[in-house]
Each structure stands twice: as structure tokens, then as C-alpha cells.
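K.L.:
Take this sequence and fold it.
(one chain, ligands or ions: 1)
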Amino acid sequence: MNTPQTTILPEGMAACIVIEADIVQARLDEVRRACKQMTAILETHRSRQPEAQLGLAVGFGAGVWPQLRRDSAEGAELKPFRALGNGLAPATQHDIALHIQSMSHSANMLLALDVLGAFGETIKVADETHGFRLYQDRGYDGFVDGTENPAGDARPPVGVIAAPAADAGGSYLLLQKYRHDLKRWNALSVERQSAIVGRSKADDEELPGEERLPDSHLGRVDLKENGQGLKILRQSLPYGTASGEHGLMFIAYCARLHNIEQQLLSMFGETDGRTDLLLGNISTAISGSYYFVPSQERLADLG
Ligand code: HEM
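P.N.:
Residues are numbered from 1 along each chain as shown. Okay, here's the model as predicted:
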């Protein structure tokens, strides 16, 4: 069985909790045992609140994954996140990622408490971010986010490694937090904002090819390779506090780390020297890390 973990394929969830942590090396066996309990913990919460449609994924960073996989072909593309664009995208790689999402923030919280309880002192939490969907799927920037995300049957081939690969059911995950400067953004005209994103603001239409700036966000991430679109599955949600920091918790899954990485290289000026206009005008990347998210069966039976 190659069942993907349960945050990859669902669409339109209302809230998420993302936790990144480092593993206490001497306690790796206990981490393996905690991972074995994840399916049962998730099922307990799902049966209690089926309407929340809870999902949970546990992923591992390159520093620890070679000790947990059973075969070097599993998650073979995984590497540590490296800083890009002369530090414009900082690297904050950790060992383990916990991604919880559902229709209910309170259901997420209760599940997160039990998940962290199972790991106990075997991990040291470095960051915890709570995300939530805003009206009409818009970001704080006012633009609809997720329109071109693969939907329905198009999702598994993009997001999940297919059989008969050794790591079938697995997926690569990028976590990257972006802080927004809304004062700066809101001082721009709607026309300028649309040029920066590459879509119109109110009706969310793609700008015609000849109007699309090469350093607009779409100009940077809507990429083709050998005539094929480089697709990823985005599960990002806005995060933050009203009086303090807020922005986008960027969360993307893909069957190939390559697709995610090519989009990042393009956004941060590592392909042709151009950087994404979002970066100078609203968003600053403040974290970045890659994880391999094994199938549910492999998570319960780590090497
Ligand atoms: C500052 C953070 C970001 C913001 C505010 C943002 C916002 C948006 C918006 C408004 C769209 C257009 C609607 C849609 O199709 O979803 C979009 C599209 C997209 N974004 Fe982002 N994004 C951010 C970061 C990223 C990153 C880091 C990646 C990749 C690693 C990425 C990949 C994509 C892709 C693949 C599309 C669809 C392109 C297409 O096929 O038309 N975005 N983003």
C-alpha cells in the first residue's frame, strides 16, 4: 500500500498548523515509535469530529531522513534547503515537519497537542505557525490564491510519487514563510499590484501574455520544461497577528522536488538574474526548508 499522508490531496481546507522541529539524535528510536502512533492518533480525532476533515503529515529533513529510510531510492531527491538570491530566501532547515490542516482551527489544535504529546521530549520545536483561510481564498494582498492549483483527479500525479517507485505514496514538501509589508503594498495602485502578480485583482483573470511582466509572480513561477508545465500542489494559507507579523505560510507538495526548486530559483534570481516583483513590493521570505513526506505505511514502519 502506498497511501499518501492526509494533507496532500484535500482541497480548500480552512486552517492549518505547521510545526518545524529538530530531533534529539539519541532519541531517534523513540521518534520512530511516535511516528508509528500517528495514524491511530489522527483516526481518534477524525472519528470525534468527522466534519473537520482533519489531515496530518509528518515529513523529514535531509539531515535525518537517511537514517529513517529503508532504501536509498526513497526520497532520493531530498536535500537541505540552501539560501537563495544572496540571502533573499534564507535557509532555516529543520529535521521534522508536522503539518495539520482541516476545516476547523480548534480541531487542528487538539490534534496538534496529541501529536506533540506523542513526540514528547524527542523533538525540540523551532517554529509553530497557525494559518487560516481569508474570504474568497484571497491573501492579505487582496488577490485570489490557488486558482491555478491542480484540482480533483489532476492532483495525485502532481503531488504524490506513483507506484512502482520505492517511495510511492511519498511527496516532497516546501515550507517557506513570507512576511508581508501591507502598508507598502496598499500604497500601490491596483493596476501596479496586478502587474506585479500577473493576474487582475477583482476578477482574478490571468493578464494576457503580452501584458505579463517577466518578473511578475506568474512570469517567475508559471514555468515549462520540454513543453510541459512544471506543476506543484500548493496548500498555503495566510498566517499571523493583526498587531504584529503577518503574511503567507507557503506550503507546497510535489512528486518531484525539482519542480518546486525550479520555481524558487526563478523567483529568487538564480536562473536569469531577475527576482520576483512580489519580493520588493510586499513579501520577504523569512524561512525555508525541504522535507520528504513518506507514505502512511512507511511512516508507521521507518527504517
Ligand atoms: C510571497 C509569497 C507568495 C504569494 C503572495 C503568492 C501569490 C500567488 C497568487 C496570488 C497567485 C495567482 C493565483 C493562483 O493561481 O494561485 C499565485 C500563483 C502561483 N504561485 Fe504563488 N505566491 C507566493 C509564493 C510562491 C512560491 C514560493 C511559489 C513556488 C515555489 C509559488 C508558486 C506559484 C504557482 C506555481 C502559481 C500558479 C502559476 C500558474 O500556473 O498560473 N508561489 N501565487
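
K.L.:
okay, CA-based contacts and neighbour counts for the rest of this
P.N.:
Fine.

K.L.:
what does the model give I17 for pLDDT?
P.N.:
The per-residue pLDDT reported for I17 equals 99.

K.L.:
Quick check: residues of the stretch 51-200 of the chain near the ligand?
P.N.:
Within the stretch 51-200 of the chain, the positions near the ligand by C-alpha under 6 Å from any ligand atom are F143, V144, D145, G146, T147, E148, N149, Y178.

K.L.:
Quick check, the second one in contact with L134.
P.N.:
What that stands for is V144. No: because the distance of 9.7 Å does not satisfy C-alpha atoms under 8 Å, V144 is recorded as not touching L134.

K.L.:
Now the stretch 1-150 of the chain against the ligand: closest residue?
P.N.:
Using C-alpha to the nearest ligand atom, the point where the stretch 1-150 of the chain gets nearest to the ligand is G146, with a distance of 3.1 Å.

K.L.:
gap between the closest residue to that residue other than its chain neighbours and the ligand?
P.N.:
What sits nearest to G146 in space, not counting adjacent residues and going by C-alpha to C-alpha, 6 or more residues apart in numbering, is R234, at 7.0 Å. Separation of R234 from the ligand (C-alpha to the nearest ligand atom, to the nearest Å): 7 Å.

K.L.:
I figured T3 hits S295, correct?
P.N.:
Yes: taking contact to mean C-alpha under 8 Å, the distance of 5.4 Å between T3 and S295 places them in contact.

K.L.:
which residues do the two both contact?
P.N.:
Common neighbours of T3 and S295, counting by C-alpha atoms under 8 Å, 6 or more residues apart in numbering, are G169.

K.L.:
more crowded one of these two?
P.N.:
S295 (25 against 14; other C-alpha atoms under 10 Å).

K.L.:
which residues touch that one?
P.N.:
S295 is in contact with N2, T3, P4, Q5, D167, A168, G169, G170, S171, counting by C-alpha under 8 Å, 6+ apart.

K.L.:
can you count the residues close to S47?
P.N.:
12.

K.L.:
Assumed it was part of a strand.
P.N.:
No: secondary structure of S47 (DSSP: H, G, I helix; E, B strand; the rest coil): helix, not part of a strand.

K.L.:
what mean pLDDT does stretch 289-302 have?
P.N.:
Mean pLDDT, computed over stretch 289-302, is 98.

K.L.:
which stretches of the protein form helices?
P.N.:
28-36, 38-48, 105-119, 155-159, 182-186, 190-197, 217-221, 257-267, 277-281, 296-299 (DSSP state H).

K.L.:
Tell me which residue of this protein is furthest from the middle?
P.N.:
Centroid-distance maximum for the chain: E210 at 30.8 Å, with C-alpha atoms, centre = their mean.

K.L.:
and V144 and L134? which has more neighbours close in?
P.N.:
V144 (20 against 16).

K.L.:
List the residues that contact the more buried one.
P.N.:
Contact analysis of V144 by C-alpha under 8 Å, 6+ apart lists Q136, D137, R138, K201, D204.

K.L.:
can you rerun that using 6 Å?
P.N.:
If you count contacts by C-alpha atoms under 6 Å, 6 or more residues apart in numbering, V144 has them with D137, R138.

K.L.:
With the one 10 residues further on instead?
P.N.:
Listed by C-alpha under 6 Å, 6+ apart, the contact set of A154 is empty.

K.L.:
can you pull out the strands in the chain?
P.N.:
Here the chain has its strands, by DSSP state E, at 15-23, 55-60, 96-102, 123-132, 171-180, 224-225, 228-229, 233-234, 237-240, 246-254, 283-285, 289-293.
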